[in-house]
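1. My questions concern the predicted model and sequence given below.
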Amino acid sequence: MSKLIYLGCLSSSQYLETCRNAEKLIKFLDNEYQVLDNVPCCGALAYHISSDEEMQNHTQFLNEWFKENDVRELITICAGCYNYLTHYYPKYLGSDFNVRVEHLLQFISRPENLKKLNLKYTGKKLNIYYHDACHLRNADVPIIEEAREILNSIEGPIELRELENNRINSLCCGAGGGVYSIFKENSDYNSLLIFKQARMAKALLTACPFCYTSLKRIREENKIKTPVIKIEDFIIRLMEGGDPISV
Amino acid sequence: MSEKGKELFEKVKQNIGRTQEKGTLEEQFAEIWKLACIMKSKNYDLRHKYDDSVKEFVEKYKDQLIEMRDDFLENIDYYVEKCIEMLKKNGFKVYYAKTNEEAHEIFMNELGDNKVIYKSKSNEARDIGILDFLSENNIQVKETDLGDVLVELFEYKLPSYQVGPGIHFAIEDIVAKIKEKYGVELEPNAKAIVEYYRDIYRKELLNDVKVSLTSANAISAEDGCIMLMENEGNISIITRATEKHIVLVGTTKIVPSVFDALLVTKMIERTNDSTVAYISLIYGPSGTADIGGVTVRGMYGAKDVVVILVDDWRTKAKESFYSDFLRCISCKTCSFVCTASRVFGNIYASKYGLGASAIIRDYIHNGIEAAVEDGLFLCTGCENCTNWCPVEVNIAEIMRSMKKEATEKGLCPPALKGYQQKILKDKNPFLKKS
């Protein structure tokens, strides 16, 4: 075993269908990738409040787990896992961290994978927006254009539009930094603001489960029509001929 | 969680409650501030009077600005010394104060028997703590920036936007307040209010000012001059029509050359999308050599210009986790692109102003408890502040370090601490106990 699909704690506990879709999608492109049980959390929610010693211990613990399971490459489906695994793990573990970390969007956007996917859409005209998650745009190797490359590769009457605040200037959903667990007012306002910028959209796409959680709640509470969809769900539905924006 | 942590958490929750309750001062401010933030961040990408957008302007000069700030910080002692030398050569009276307290003492000595000072908008004055000190010593501080005048009119004690401190007052409320306080009835429009203040203040500012207080947008070390930008003309008047002009600033306002000073000033203007009528470049007190070639200081403008350069926390900061903050040019961009500031307005703030930079200042002066009370844990870590900062101050990292310190001291909110414990012990924060 050397290739792991790292689902992340939030998705694997809350969004099982998304996890299944991500698995399906990744395995379609590379059958060597696998999902394992009881994968430890990367620790994203703890880093900004933990001491160097605690972080050192946690990164070491996960790294040992990677070694025990012979993980050499992994794909994260969570924006937070990607950000933290690529920043804090090399920082705290140095050369002892030997796992190649890739985010799902990076993996899909590789030209050979896009070619293999050959995404097509045949329904009615569809305007979609993609929201750049802080975790992806702020990462050491930022993931910004990948989502656009994937969505623009879809054949058919589908148009990717840009939110007013996009790429490095995107709005935060208000749920980051664990703030969601304490003060939801931040997400109440900021997620709504993102929806306001996506007013003309048929769907709002995200690659971050934290943004997804926040946007989904705000959508329900404010009875907003525009659905918010995880990008892997969107792609799988396209591949399977389903309605890509059904909720 | 410590008792203090619980107390601060409750305070922050109460503050948030006030931003959500219709009609409170906090709610009113937050509503206006939301609009201001949206406008400001929107304008960032647009072209108005200039051919380039703010964003393009920032990108064009960012490297130059960063290089200049890096050079300054690497050679801060050299530049402070050079600055003092050149200012003195140009006829300024210059003091170097190691602490804020020392600066207060120098200020009082320079004030002499004067009991009234006229002041322009100055965040440095807050940082240096001169306003509280003067009020304790029964010195009357008269604000001259209209925004600050309104803050005084309403006796508004909550933090406000440093660049436009009066933006949250409604025209109707201003008119009503003027009637209540001065018995003057004004038309409820901006022009009438401005004319009212122009009529009463202009005469006073032109005739009565003996001592004025300003900070500076930048001070050039190599040229020995200070730069001040404004829109209202109050700075121009009180720095000229005065006996003594006192410039009270932190040493981090120093830049190498006058061109750097202009770049900093211009950057502040562009990032704030503000209208600027005047940029003053002051090279010392006024003077003349018309009488027999003898130089006499004090012609029509100020007789004395005193610069008090304050170190206080700045040298110490070089060795601290917030050393990056020394690069700050006080443009305030970080506050209007901030996820938390946008929602929470003046409860995510300190007495030094709005947003993360004001919270960092509170931490520097008053410690971690003050920062937690200011709403440190409302920060989502989105890093917009860092991404937009024209001098690349890593504000997000400073905030993270502060959160760590707060957590070590038992001040972290309980739910967040709970997640951390689950991660560190169970290796999964969402693990359901079976």
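-> Received the coordinates, thanks. Numbers count the residues shown, from 1 in each chain, chains lettered A, B, ... in the order given.

2. Test my guess that residue A:114 contacts residue A:105.
-> No. If you go by CB atoms under 8 Å, residue A:114 and residue A:105 don't touch, sitting 11.3 Å apart. Placement of C-beta: from N, CA and C, glycine included.

3. Just give the number of residues close to residue B:228.
-> Residue B:228 is flanked by 22 other residues according to other CB atoms under 10 Å in any protein chain shown.

4. Next up, the contacts around it.
-> B:120, B:214, B:216-217, B:235, B:239, B:279-280, B:282 (CB atoms under 8 Å, 6 or more residues apart in numbering or on different chains).

5. My reading is that residue B:341 lies in a helix. Confirm?
-> Yes. Looking at residue B:341 with DSSP: H, G, I helix; E, B strand; the rest coil, it is inside a helix.

6. and chain A, what are its domains?
-> Annotated domains of chain A cover A:3-109, A:116-239 [automatic domain parsing].

7. mind giving me JSON lines with those domains and columns for mean neighbour count and mean pLDDT?
-> Listed next are the domains of chain A as JSON lines, based on neighbours: other CB atoms under 10 Å in any protein chain shown; pLDDT from 0 to 100:
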{"stretch": "domain A:3-109", "mean neighbour count": "19", "mean pLDDT": "96"}
{"stretch": "domain A:116-239", "mean neighbour count": "20", "mean pLDDT": "95"}
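
8. possible to save those domains as TSV with distance to residue B:2?
-> Converted to TSV, the domains of chain A look like this (distance: least, CB to CB, whole Å):
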stretch	distance to residue B:2
domain A:3-109	14
domain A:116-239	16
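
9. need the contact list for the spatially most central residue of chain B.
-> What sits nearest the mean C-alpha location of chain B, by CA atoms, centre = their mean, is residue B:123, with 3.1 Å. When contacts are counted by CB under 8 Å, 6+ apart, residue B:123 touches B:162, B:215, B:330, B:352-353.

10. Between the contacts of residue B:228, identify the one with the most neighbours.
-> residue B:214 (28 neighbours).

11. Verify the contact between that one and residue B:238 for me.
-> Yes. Look at residue B:214 against residue B:238 with CB under 8 Å: they come within range, at 7.3 Å.

12. remind me, longest helix of chain A?
-> If you go by DSSP state H, chain A has its longest helix at helix A:52-68.

13. Show residues contacting that one.
-> By CB under 8 Å, 6+ apart, the residues outside helix A:52-68 that reach it are A:4, A:39-40, A:42-43, A:46-47, A:50, A:71, A:74, A:88-89, A:92-93, A:96-97, A:99, B:423-424, B:427.

14. Likewise for stretch B:203-212?
-> For stretch B:203-212, contacts defined as CB under 8 Å, 6+ apart pick out B:110-111, B:114, B:116-120, B:144, B:234, B:237-239, B:241-246, B:302.

15. Now do that stretch: distance from first to last residue.
-> Its first and final residues considered, stretch B:203-212 spans 15 Å by CA to CA, to the nearest Å.

16. re earlier: list buried residues within the contacts of residue B:123.
-> B:162, B:215, B:330, B:352-353 (16 or more other CB atoms under 10 Å in any protein chain shown).

17. Take those residues and write them to a markdown table, including distance to residue A:63.
-> Formatted as a markdown table, those follow (distance: CB to CB, whole Å):
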| residue | distance to residue A:63 |
| --- | --- |
| B:162 | 45 |
| B:215 | 50 |
| B:330 | 42 |
| B:352 | 42 |
| B:353 | 43 |
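
18. Flag every buried residue along the helix or strand bottoming out on mean pLDDT in chain B.
-> One helix or strand of chain B scores below all others by mean pLDDT, DSSP states H and E: helix B:414-426, with a mean of 90. Residues B:416-420, B:422-424 are the ones in helix B:414-426 that count as buried (16+ other CB under 10 Å).
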